Structures are given as structure tokens and as C-alpha cells.
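> Have a look; sequence and predicted model below, questions after that.
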Amino acid sequence: MNRSLIETVMGGVVLVVAGMFLVFAFSAADLRAVSGYTVTANFDQASGVNTGGDVRISGIKVGSIIGQRLNPDTYLAEVSLSIDPSIKLPRDTIAKVASEGLLGGAHMQLIPGGEDEMIPPGGRIMYTQSSVDIIDLLGRFVFSAASSTQGQGQGEAAPAPAEAPKGPLSQ
């Protein structure tokens, strides 16, 4: 009887600690959706970004990705962003698909420009940089390294070093 009471109390303590950890994790993760004005941006390649993902300026969350679709006329990925109303984006702002790390997810990074005119609500970010395909880059590197080492060791032998000129001191 005494042993089952101790196990029950310990189980309760574990559940309380786990609940406190979850509350802390959600409050520290800044998972809130940002509601504000909407802007769109077109990308050649928008892989890695998902609806609900972060929009950041200088690493600080200022918005959320609220939608993405394929534009049937241009065949570009059209990404809709919700930006905090207190943040005004200059017209020459750059939107870039940035990676969290080598194997991490992606987020939208905004690089504000210096223009005086701002993007209006419902406007479009004109300057974009698509996501980089790490696997494609790695494949190019491996194949270029393999092709450069394949060429070595084939073909003619290296020329023999030239003889030193014979002069009065070399005899």
C-alpha cells in the first residue's frame, strides 16, 4: 500500500513538471501568428517555407507566412505574408528564403531597403531571392571535384626539367 502511494505521488510530480515545461516552451518559442497587413512576393523556388512560418527582419519575428500558391500565368511561387502593422517596409525591400541551418527548416527573411516610399497593404515585394537547394549544390561540388581529379594522371608525361646552362662557374 505504501509503495503504490509513493509511485502515485511521483507520477503526479512528473506530470506537473512536464506541464510546466510545456508552458515554458510555448511561451519562449514565440509561436503566435502575427496579424497585420498583407504583402505578397513571387519566387522561382520557395521550397522549405510553409504556411505559418516566420517572417523575420534581422532575426526578429515581424510576421507570418499566411499562404502560398502557384501563379498559373507566370508559374512562380506566390507567397503571402502578414506583417506587423508597426513595421513599414520600404519599396525596395528584399524578400529572401533563408535556412535555419544545414538541416533545419526555412523562414522568410526581409532585408529593408533605403527608399522613402513604403509598400502599401496588399502590395508586392518586387525583389526576391529564392531558396538554395543544398543537395543540388553538394551534388555539383562532388561531380566537379570528381571530374577535376579524373583529368589528372592521364595524357602526356610532365616535361623534364631544363638543364642548367654551363658557364665558367659550373665546370
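Cool, the structure landed. Just so it is clear, the model here is predicted, and its values are computed rather than measured. Numbers count the residues shown, from 1 in each chain.
> Could you list the low-pLDDT ranges of this protein?
Counting by pLDDT under 70, the chain has low-confidence residues at 1, 26-34, 101-104, 150-171.
> Pop the domain breakdown of it in here.
1-27, 32-135 (automatic domain parsing).
> for this structure, what spans make up the strands?
With DSSP state E, the ranges of strands along the chain come out as 37-43, 54-57, 60-70, 77-83, 94-99, 106-111, 124-125, 127-129.
> What's the local residue count around Ala145?
For Ala145, the neighbour count with other CB atoms under 10 Å is 10. (C-beta placed from N, C-alpha, C; glycine too.)
> With Gly63 instead?
Gly63, neighbours per other CB under 10 Å, totals 25.
> any idea how far it is from Ile87?
Separation of Gly63 from Ile87 (CB to CB, to the nearest Å): 8 Å.
> got the strands of the chain as JSON lines, with distance to Asp136 columns?
Rendered in JSON lines, the data for these read as follows (distance: least, CB to CB, whole Å):
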{"stretch": "strand 37-43", "distance to Asp136": "16"}
{"stretch": "strand 54-57", "distance to Asp136": "24"}
{"stretch": "strand 60-70", "distance to Asp136": "20"}
{"stretch": "strand 77-83", "distance to Asp136": "17"}
{"stretch": "strand 94-99", "distance to Asp136": "14"}
{"stretch": "strand 106-111", "distance to Asp136": "15"}
{"stretch": "strand 124-125", "distance to Asp136": "25"}
{"stretch": "strand 127-129", "distance to Asp136": "16"}
